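Visitor: Here is the input, now give the coordinates:
(chains A and B)
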Amino acid sequence: MHSADAQMLVLTVLADRPLHGYAVNTAIEGLTGRRLGPGSLYGALSRLEARGLIEPAGQEADAKERHRTMRITGTGRETLRAELEQMARVSQAGLRALGIEPA
Amino acid sequence: MSAATLITGLYPPAVRQRWGTEISREVAEAGIRCWPDAVAGAARLWLHPSDWPGTLTGQTRRVLAVALFAVAAVTALLLRATQPSTTLTADPGHPATSLWLLPILLGIGLGTPLPVPRRQALAHLTTVSVRTLAAPAAALSAMVLAANSGVVEQPTGFVRVALVGCYWAVLTFTALRLCSLVARVAPAAAMPTTRRLCAALLLIGAGLALATGQSLFAVVWTAPTAGSLAATLALGLLTTATIRAGHDLRPGRTPAASRPR
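Guide: Modelled structure (predicted):
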């Protein structure tokens, strides 16, 4: 999977609630029907954290667990909203071109 | 050792510390079909050090300094493997074919951790250096003594294979210990800044690109052998990796939050 697609999926599931890496992949499986490969998932998590779009949630009692549970940041929400709006515009244009009225 | 542990071990240390347990779990559960993605993910992260989580202060720079020496060590072994060569040399007597070495040496100089001028730190550095390099120094000395003793002259068959094997084992062991030395002295030394590491990686990449070009020239214009093709390919891969990693560290390319700590 393309790394940008993996990053979008991770942001989408984290927009709902903070999750740790394994739970992120389980949520993605619920959304798309397939899990991301470990390289795609943890590469996306590292990249998103480096860009300041997600951060450790800091809710768990255990220090290690606290570091692994991630939540979306304000910048992450903005980025996700902009990306989803652009995808929606592309989707609507594509559906119109196929003669299908967008819902 | 399981495949999941081995594959997790391929990831950069900072990523392993943050996600190692979960990567192992995912790899173990998904099985062989996820191995290509997991290995490619590890390679991508090595090429993008600015993406590594800042688990420990200075960890990224320490790991990059060791990686830089590992690249230099592999290059030295490759150069030894391709000798004698007229197109790729490391000899001041042949400056045109040895020019590739200059940016590499400059890069190593820039990326080397510097000793802190304090008595305690210098004593620690000396102790660690002696402990780490004693074994390879002894092995190299024994090899030189054996070669010059005249005990074995014109070896053939199994003895020749064993001697060549010993020779390469000693060189590889020495290279590994040199990388270990950088890792061990790092906590007590002044680590190069990210800017210096970036310049070091780009300089080493430039030197490797020259070496790859010269090696490729030899492959094209002379009768290529499997060994020369493999060495050219290895040099090309090292070139790509160092330039990509150096490019990733360039100031202004990544947001402040993602700069290596």
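Visitor: Run through who's touching stretch B:117-136.
Guide: B:115-116, B:170, B:173-174, B:177-178, B:180-181, B:184-185, B:188-189 (Cβ atoms under 8 Å, 6 or more residues apart in numbering or on different chains). For glycine as for every other residue, the C-beta is placed from the backbone atoms N, C-alpha and C.
Visitor: Helices of the chain, start to end?
Guide: In the absence of a named chain, this looks at chain A. A:3-14, A:21-32, A:38-50, A:63-68, A:74-97 (DSSP state H).
Visitor: if you could check chain B rather than the one you did, that'd help
Guide: B:3-8, B:13-30, B:35-47, B:59-82, B:95-98, B:101-111, B:119-149, B:157-185, B:194-221, B:226-248.
Visitor: quick one: contacts for residue B:215?
Guide: Counting by Cβ under 8 Å, 6+ apart, residue B:215 has contacts B:82, B:87-88, B:228, B:231-232, B:235.
Visitor: Could you report the neighbour count for residue 50?
Guide: By default, I'm working from chain A. Residues near residue A:50, counting by other Cβ atoms under 10 Å in any protein chain shown, number 22.
Visitor: hmm, I had chain B in mind actually
Guide: That count, for residue B:50 with other Cβ under 10 Å as the rule, works out to 21.
Visitor: which one is residue B:232 nearest to, not counting chain neighbours?
Guide: Distances taken as Cβ to Cβ, 6 or more residues apart in numbering or on different chains put residue B:215 closest to residue B:232, at 4.3 Å, once the chain neighbours are dropped.
Visitor: And the one you found, how close does it get to residue B:38?
Guide: Separation of residue B:215 from residue B:38 (Cβ to Cβ, to the nearest Å): 31 Å.
Visitor: What residue in chain A comes nearest to chain B?
Guide: Distances between chain A and chain B by Cβ to the nearest Cβ are smallest at residue A:39, namely 1.8 Å.
Visitor: Under the pLDDT cut-off, which ranges of chain A? List them.
Guide: Low-confidence segments of chain A, defined by pLDDT under 70: A:1-3, A:59-67, A:102-103.
Visitor: Name the helix or strand of chain B that has the lowest mean pLDDT.
Guide: helix B:95-98 (a mean of 86; mean pLDDT, DSSP states H and E).
Visitor: Which residues in that one does the neighbour count mark as buried?
Guide: Neighbour-count burial for helix B:95-98 flags B:97-98 (criterion: 16 or more other Cβ atoms under 10 Å in any protein chain shown).
Visitor: With stretch A:26-43 instead?
Guide: By neighbour count on 16+ other Cβ under 10 Å, the buried set for stretch A:26-43 is A:27-28, A:35-43.
Visitor: now the end-to-end length of it.
Guide: With Cα to Cα, to the nearest Å as the measure, stretch A:26-43 spans 16 Å from end to end.
Visitor: go on, stretch A:27-46?
Guide: Counting by Cα to Cα, the terminal residues of stretch A:27-46 are separated by 18 Å.
Visitor: so what's the one residue in the stretch 1-150 of chain B that gets nearest to chain A closest to, chain neighbours aside?
Guide: Nearest residue of the stretch 1-150 of chain B to chain A: residue B:41, at 1.8 Å (Cβ to the nearest Cβ). Distances taken as Cβ to Cβ, 6+ apart put residue A:39 closest to residue B:41, at 1.8 Å, once the chain neighbours are dropped.
Visitor: pretty sure that neighbour is touching residue B:40, no?
Guide: Yes. At 5.2 Å, residue A:39 counts as touching residue B:40 under the criterion of Cβ atoms under 8 Å.
Visitor: Contact partners for residue B:26?
Guide: Here residue B:26 is in contact with A:21-22, A:25, A:35, A:37-38, A:41, B:34, B:38 (Cβ under 8 Å, 6+ apart).
Visitor: could I get those as a markdown table with distance to residue A:53?
Guide: Below are the contacts of residue B:26 laid out as a markdown table (distance: Cβ to Cβ, whole Å):
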| residue | distance to residue A:53 |
| --- | --- |
| A:21 | 15 |
| A:22 | 20 |
| A:25 | 18 |
| A:35 | 21 |
| A:37 | 21 |
| A:38 | 20 |
| A:41 | 15 |
| B:34 | 25 |
| B:38 | 23 |
